[in-house]
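[1] Mind looking at a prediction? Sequence and model below.
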Amino acid sequence: MVGAACAFHLARAGCSVTVVDRGAVAGGTSGAGEGNLLVSDKEPGPELDLALRSQELWRELDAQGLGEGFEYEAKGGLVVAFTAADLSALRTFAATQRDAGVLAEEVAAERLSEFEPHLAPGVAGGFWYPQDAQVMPALAAARLLRASGAEVRLGSTVTGLAVSGGAVRGVRTTRGEIPARYVVNAAGLWSGALAELAGSRLPMQPRRGFVLVTEPLPPLIRHKVYSAAYVSDVASSDAALQSSGVVEGTPSGPVLIGASRERVGLDRTPSYDALGRLAAQAAELFPFLERVAVQRYYCGFRPYLPDHLPAIGPDAHVAGLFHAAGHEGAGIGLAPATGEMIAALVAGEKTVVDAAPFRPERFYSEEAQP
Amino acid sequence: MTAVADTVAESAAGNRYDVAVIGAGPAGMAAAAAAAENGLHVALIEGGRQLGGQYFRHPAPGLNEPWASQLHHGWSRFETLATRVETSSRIDVLFEHQVWAVEAGFNILTDRGPIAAAHVVLATGSYERVVPFPGWDLPGVFTAGGAQALLKGNLVLPGRRVVVAGTGPLLLPVAASLSVAGAKVLGLFEANHIRGYAKHPLPLLKNPAKLLEGADFARQFLRARVPLRSGLMVVEAQGTDALEAVIVARPDGTHRRRIACDALAVGYGLAPQIDLALTLGCEHKLLTDGTVALRVDTNQRTSLPGCYAVGETAGIAGVESALVEGEIAGLAVAAGVAKSRNGSPAALRRRRDRLRAFADVLRARHPVPPAWRDHLAPDTLVCRCEEVPARAVAEAVEDLGATDARTVKLLTRAGMGWCQGRVCGYAVACLARRDPTEPPNPADLLAAAKRPLARPVPLGVLAEQDRRNK
């Protein structure tokens, strides 16, 4: 997704672009996500700025008529608190978000059923985030890539980077060398390995997630609904299992329940504990789900960087090499603004969102510390 | 003493069985009986409400027709086996327990809660392989096995004037039972040429019973005037609200012929149902007909210690093989528990090997003709659950960058519906190849055999897992 967005914006800026992928389109994290475009879960800071800019760009893509092709839905998000203490923490959190430009409106407990008629009784209160939206991520990547007009080489594995005089000259692939003035590393989970090929590095790690998919249902869940505990899970750096179910309907009918977070390497062994936790949390939000059939689940790996921020910008050592990776679970949402930022940086222009916090070299100075 | 338990709570009471057998078809029944007769405590877990599986499917008590007794070959085998299972005090038969996953160790996760067992025997049988063609979603079009199940289980005919088509040995008993039950079978169309059997004389001669069975069918078809034609397949089904006719042609589309009929029973063979095993991480193998089966050793052990696979799960081979393999696995598990060096009797293993050699010949002789995809129309549904037409699959492959079946699924939703790709998985694996002359990618065929949940499971049952942990 991030690569497709970079291709889209670079092509629009006038570059001739070739996209190389060793697999198919959306074969990595993009194809294993839920397609969340969230601002509600982000605390004020650089990631939120990038998310807000992305929301504008997603809306633009939709206005251009592309949205239908990837099921863009500006459905809004509802964050609910089960206890008075959670609600008061959520209220404080929302206030800081509002100062940063997020639209957030408190919804009293008795009015929650207007938003979600099937929500569990006994919820203390909640917040309504109209900017939250959703896309079908694999279609979004495929359609954006197609709309970019870039040359696409699928099934080509990058085997090395051609570097001379400290500057990149192109990439070597299993199907020949591609000369290029600039190379954008948008290899997600594998962007660390790709950086190494250039003699550089990114401390990328996988953070596993499971998503449950139910049988198709009529539209019973209208928005993205999750419990206030989700925000602290996303921000956590703990390797152990964290989970707070985000529940949402989809245009094709199934309800998606995601997602757990744990750092266990690239292990795909099913964790029935993680699945059970997601199910229990979803049933807590929407009791009617107890009797709904789960048809399948999927497992994916988020590209995780230690400070939870993506690396976007030029490599510190190799001229012409740019990184656009490490968006963790927010890559779909953050992709358009990332692509826009990369296009501006390549052109040497001013970026819309401040690029400084995303500089890839921030990890080098950290390394020096114990 | 019959021990039929309704719920897990009654039966297991938190105890661990020596062995859990999943599936009460011929292979599972044989495994359970053999293990119990050798001293083991067995849970025989079955999703349905009767013993016998697909092969020995029979009507509920009270339902009868004069011809019902002629629907089964060797019914006495079932009766003997059922008696062994039902009279054993060491077997708990757990009907209506849907197994959705198995945890290593073993914990059999069912919709009625988990069942613990030291060993597991997978006897989960097979499902039918079909490929799409224009009109295949019309009422009146059945899978060959579906028509057979309707007849055996409900004593209901799919139609009066029936065409049987596709490929593989299943078509013979299907045509025979339809004819016995009073349908006019207008033709049995086997897509592959039968003359190729002459190339494999040894396995044929070593299985004289199989040859006699074939001759038996031939006599039956002659008597009932069922025309048997090979090298022809159904390329289209026609009708407005229901099936009115089929177009039969050579795979290359020549020799087209219209046959008016009110039912079609079509199937392209069976595929092992091994989703539980694949999720457990058991090793698999790709067979010549593009199906994926479990790798087993001479005692039916899979690559995972304690986990055995019998019958169709180890590759489609039919009922005799299933019965022998069930006995072998049951005896082998018992020998393992007793720490005996003897596994299963060599005579049983030789018989199994002979039957397997014959099955290998059958498999090689009955591939799906690759030309099936030439007969698709743009609006032919490839995935019926999600209503995905061939046009959408072509767009994903040609325009949107899908180079494998997984991405076709992601971009089109093909295979995401109720059947989780059991029906369209093979077709999608073929269509993911941009070049129609290339056989499907083995990784895509494997993906089509894999389902992380073997059955849909109520969310509350999953949630129960979590509540138990607390």
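    Cool, got the structure. Numbers count the residues shown, from 1 in each chain, chains lettered A, B, ... in the order given.
[2] Let me know the secondary structure of the residue of the stretch 201-350 of chain A found nearest chain B.
    Here the stretch 201-350 of chain A gets closest to chain B at one residue, A:Gly276, 3.2 Å apart by C-beta to the nearest C-beta. Bear in mind the C-beta positions are built from the backbone N, C-alpha and C, glycine included. At A:Gly276 the chain is in helix, as set by DSSP: H, G, I helix; E, B strand; the rest coil.
[3] and it, how many residues sit next to it?
    When counting by other C-beta atoms under 10 Å in any protein chain shown, one arrives at 20 neighbours for A:Gly276.
[4] can I assume it is in contact with B:Gly460?
    No: counting by C-beta atoms under 8 Å, A:Gly276 stays clear of B:Gly460, with 10.7 Å between them.
[5] show me where pLDDT drops low in the stretch 251-370 of chain A?
    In the predicted model of the stretch 251-370 of chain A, residues A:365-370 satisfy pLDDT under 70.
[6] Return the residues of it in contact with chain B.
    For the stretch 251-370 of chain A, the contact set with chain B under C-beta under 8 Å from any C-beta of the partner chain comprises A:252, A:254, A:269-270, A:272-273, A:275-280, A:282-283, A:289-299.
[7] List the ones among those residues that fall in strands.
    Judged by DSSP state E, the subset of these located in strands is A:Pro254, A:Ala293, A:Val294, A:Gln295, A:Arg296, A:Tyr297, A:Tyr298, A:Cys299.
[8] ok, now which ones touch the residue positioned nearest the centre of chain A?
    In chain A, the residue lying closest to the centroid (C-alpha atoms, centre = their mean) is A:Ala330, at 2.0 Å. By C-beta atoms under 8 Å, 6 or more residues apart in numbering or on different chains, the contact list for A:Ala330 reads A:Asn36, A:Leu38, A:Lys42, A:Glu47, A:Ala51.
[9] what about 7 Å?
    When contacts are counted by C-beta atoms under 7 Å, 6 or more residues apart in numbering or on different chains, A:Ala330 touches A:Ala51.
[10] again with B:Asp435
    Contacts of B:Asp435 (C-beta under 7 Å, 6+ apart): none.
[11] I'd like the next helix or strand past the helix or strand containing B:Asp353.
    Per DSSP states H and E, B:Asp353 falls inside helix B:346-365. Moving toward the C-terminus from helix B:346-365, the next helix or strand (DSSP H and E) is strand B:381-383.
[12] which non-adjacent residue is nearest the closest residue to chain A within the stretch 301-450 of chain B?
    Using C-beta to the nearest C-beta, the single residue of the stretch 301-450 of chain B nearest to chain A is B:Gly401, 3.3 Å away. Leaving aside its chain neighbours, B:Gly401 sits nearest to A:Val25 (3.3 Å; criterion: C-beta to C-beta, 6 or more residues apart in numbering or on different chains).
[13] Tell me the pLDDT of the closest residue to A:Gly35 other than its chain neighbours.
    Of all residues not flanking A:Gly35 in the chain, A:Pro137 sits nearest, at 4.1 Å (C-beta to C-beta, 6+ apart). The model reports A:Pro137 with a pLDDT of 94.
[14] ok, A:Pro137 touching A:Ala32?
    No: applying C-beta atoms under 7 Å, one finds A:Pro137 not in contact with A:Ala32, separated by 8.5 Å.
[15] who has more neighbours, these two?
    A direct count of neighbours by other C-beta under 10 Å for A:Pro137 and A:Ala32 places A:Pro137 higher, at 26 against 22.
[16] separation between that one and A:Leu57?
    According to C-beta to C-beta, to the nearest Å, A:Pro137 stands 15 Å off from A:Leu57.
[17] Also B:Pro173?
    61 Å.
[18] cool, and B:Ile316?
    Taking C-beta to C-beta, one finds B:Ile316 at 52 Å from A:Leu57.
[19] These two: which is more packed in?
    It is B:Ile316, of B:Ile316 and A:Leu57, that has more neighbours when counted by other C-beta under 10 Å, with 27 against 19.
[20] how far does stretch A:18-34 sit from the chain's center?
    Mean C-alpha position of stretch A:18-34 versus that of the full chain (C-alpha atoms, centre = their mean, to the nearest Å) differs by 13 Å.
[21] Compute the first-to-last residue distance for it.
    Using C-alpha to C-alpha, to the nearest Å, the end-to-end distance of stretch A:18-34 comes to 27 Å.
[22] Check stretch B:367-377 too.
    End-to-end span of stretch B:367-377 (C-alpha to C-alpha): 22 Å.
[23] can you tell me the average pLDDT over that stretch?
    Rounded mean pLDDT across stretch B:367-377 is 96.
[24] which of the residues in that stretch are buried?
    Neighbour-count burial for stretch B:367-377, counted by 16 or more other C-beta atoms under 10 Å in any protein chain shown, picks out B:Pro367, B:Val368, B:Pro369, B:Pro370, B:Ala371, B:Trp372, B:Arg373, B:His375, B:Leu376.
[25] hmm, who's touching that stretch?
    So stretch B:367-377 is in contact with B:131-134, B:167, B:191-192, B:233, B:235-236, B:251-253, B:268, B:289-290, B:390, B:430-431, B:436, going by C-beta under 7 Å, 6+ apart.
[26] what about 8 Å?
    With contacts defined as C-beta under 8 Å, 6+ apart, stretch B:367-377 is touched by B:129, B:131-134, B:167, B:191-192, B:233, B:235-236, B:251-253, B:268-269, B:288-290, B:382, B:390, B:426-427, B:430-431, B:436-437, B:439.
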